[in-house]
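A.B. asks: Fold the following.
(chains A and B)
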Amino acid sequence: MTGSLATRRLILKGVGAVALIGLGQVSFEASFGLMPALAAANDKYPDDAFKQKNAADAIKALYGRDHEASDKVKLDAPEIAENGGVVPIAVTTSLPDVTSISFVVSENPFALAASYHIPDGTVPAVANRLKMAKTCNVIALVESGGKLYSATKEVKVTVGGCGG
Amino acid sequence: MASTIRVRAILNGDITDVQTLIQHPMDTGLVKDAKGEIIPARYIQQLSFEHNGKAVFLADWGTAVSKDPYVKFAFKGAAKGDELKVSWVDNLGATDSLTAKIQ
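C.D. replies: Now for the predicted structure:
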């Protein structure tokens, strides 16, 4: 009896160790695999776009096309942000068939800040809080019916939000 | 540990307003600590919202999203009491998720 118990304990330990090793080796891709929502949507994280340093390159890497300014994109950002670490920025649009909304902060170390996928049935409006290194333009991009529209606003930053 | 995610999903007519606040350092990898050593990058890369198994919102984030991120959006087609599943994954592979009831 004790013998079988000990064996069982040993097996349990063994399984635990294997699981731990497995977890250690599971890389980034695998942890994505654990999230069926992301896998199902087949929306890969646009790593490349987030690594681009200037706005034009980031937009190109993300969308691969030019954007045109549109008064149907309403960008709501403060004139002056005292704390560049927390700048409330929101965008709404009256454009139809919106598939994604992105935010680019032109003078940040990495220009692309956030990109949102808007599935059918979701209202094309997003509010979030971004960091801004210094006074510069915030560009809101709206992808609608296969075209890319934008609104730009300059936000004055008193204290930069990227530290150091 | 309490969840890092706080969600408020409120039905307003046929539109559900969703406000989310997540506890996360969102380190950029550019900031140095008191000893002059760089604090390694640690930030949420993807945040997803699922209603009845259907993705209603997906965020791809870079380091420029503020610490303890806040995001607000709205979607159609939900009813009171429906479940909304929120989950995030960061660049180091850490994840968290929460299922909230629509009020």
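A.B. asks: contacts and neighbour counts: CA atoms only from here.
C.D. replies: OK.
A.B. asks: Smallest gap between chain B and chain A, at which residue?
C.D. replies: Across chain B, the shortest distance to chain A (CA to the nearest CA) belongs to B:F75, at 3.9 Å.
A.B. asks: Tell me if I'm right that that residue and B:D17 touch.
C.D. replies: Yes - B:F75 sits in contact with B:D17 when judged by CA atoms under 8 Å, with a separation of 6.8 Å.
A.B. asks: Settle it for me: which of the two has more neighbours?
C.D. replies: Neighbours were counted for B:F75 and for B:D17 using other CA atoms under 10 Å in any protein chain shown; B:F75 has more, 22 against 18.
A.B. asks: pLDDT of stretch B:55-62, averaged?
C.D. replies: Averaged across stretch B:55-62, pLDDT comes to 92.
A.B. asks: List of residues touching that stretch?
C.D. replies: A:37, A:41, A:45-46, A:50, A:112-122, B:43-50, B:75 (CA atoms under 8 Å, 6 or more residues apart in numbering or on different chains).
A.B. asks: residues touching the residue positioned nearest the centre of chain A, list them.
C.D. replies: Nearest to the mean C-alpha position of chain A, by CA atoms, centre = their mean, lies A:A114 at 3.8 Å. The contact partners of A:A114, by CA under 8 Å, 6+ apart, come to A:102-104, B:59-62, B:64-65.
A.B. asks: mind listing what the host helix or strand of it pairs with, with the direction of each?
C.D. replies: Per DSSP states H and E, A:A114 falls inside strand A:112-117. Partner strands and pairing direction for strand A:112-117 (DSSP bridges) are strand A:98-105 (antiparallel), strand B:54-61 (antiparallel).
A.B. asks: Pull the number of nearby residues for B:N91.
C.D. replies: 16.
A.B. asks: Report the beta-bridge partner residues of the residue of chain A found nearest chain B.
C.D. replies: Closest contact between chain A and chain B, by CA to the nearest CA, is at A:T122 (3.9 Å). Going by DSSP bridges, A:T122 is paired in beta bridges with B:F75.
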